[in-house]
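1. Turn this into a structure:
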Amino acid sequence: MSLQGKAALVTGGGTGVGRATALMLAERGANVAVNYSRSADEAAQTANDIQALGVEGLAIQADVAYDAAVVAMVEQTVAAFGRLDIVVNSAGTTFFVDYDDLDGMKDEYWDRILAVNLKGPFFVSRAAAAHLKAGGDGVIVHVSSLAGITGTGSSIAYAASKGALNTITKSLARTLAPEIRVNSVAPGPIDTRWMIGHEGFLQRAIDRSPVNRAATPEDIAAGILLLVENPIVTGEVLVMDSGCGL
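-> So this is what the prediction gives:
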């Protein structure tokens, strides 16, 4: 699948995996809308870096937890680019809560994690579906997590949100076929700003890794691009965990 002239929307695109993915898409010739919730400066910089690659880039503010904001974001993307071919759901959130601290897993933590990590990707996929179908070869990639497979991670709610996202991936792959393919990547530890203040959590994950390192955002973005470009892969969850799940 050639990405030249395609249009992409990357949620959470100003930082981390989202930024790395947005830049890789742009390097391959796609115009990219960079969604952000709070990271306005980072999203603007990413959009500028995209434009420097000779394609169109713009930053769009929207909290993916809110359906109306998502619909407006998708329509703004289509208005800017005239089409939408690729969606990468990279926006995510968590709260670090020890698994044995059940009382610490507060209701408001559950609500926010599920709203962003689970409802958000569904809202974006639903809003984008008609536009993706119009091109006949649309693709959606969710950024899930190894936590959704193993049940371990930053918190019980986070693992639950990603496990459910893996299920949504398969459901949407069936529902939206054949015009749209839907896949997920499931990273293990990634060395991003999420880990600031949680360096011990990251180091314990690295210590379990047969390759003795965490992923970089670019590592995970490369897997996302693989799923975007390969026309026969759908309904899959690509584990990219530095071997931590072994």
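
2. Just the pLDDT at the nearest residue to R208 once chain neighbours are set aside, thanks.
-> Once flanking residues are discounted, R208 sits nearest to C244: 5.0 Å by Cβ to Cβ, 6 or more residues apart in numbering. Bear in mind the C-beta positions are built from the backbone N, C-alpha and C, glycine included. Note on C244: pLDDT of 71.

3. what residues are up against C244?
-> Residues counted as contacts of C244 (Cβ atoms under 8 Å, 6 or more residues apart in numbering) are L146, G188, P189, A205, R208, S209.

4. now swap in E229 and tell me
-> For E229, the contacting residues are M1, L3, by Cβ under 8 Å, 6+ apart.

5. how close does it sit to P121?
-> Remark: distance between E229 and P121 (Cβ to Cβ, to the nearest Å) = 20 Å.

6. how would you label the residue nearest to D67 when sequence neighbours are not counted: helix, strand or coil?
-> Nearest residue to D67, sequence neighbours excluded (Cβ to Cβ, 6+ apart): F123, at 4.8 Å. Following DSSP: H, G, I helix; E, B strand; the rest coil, we place F123 in the helix state.

7. Quick check: longest helix in this structure by residues?
-> Once the chain is assigned using DSSP state H, the helix that runs over the most residues is helix 156-176.

8. helices and strands around that helix, which ones?
-> The helices and strands touching helix 156-176, judged by 3 or more Cβ pairs under 8 Å, 6 or more residues apart in numbering; DSSP states H and E, are helix 107-114, helix 120-135, strand 138-143, helix 147-150, strand 180-187.

9. out of these, nearest to V71?
-> helix 120-135 (4.8 Å; Cβ to Cβ).

10. Flag every buried residue along that closest one.
-> G120, P121, F122, F123, V124, S125, A127, A128, A129, H131, L132, G135 (16 or more other Cβ atoms under 10 Å).

11. ok, now stretch 101-113?
-> Using 16+ other Cβ under 10 Å as the burial criterion, the residues of stretch 101-113 that qualify are M105, Y109, W110, R112, I113.
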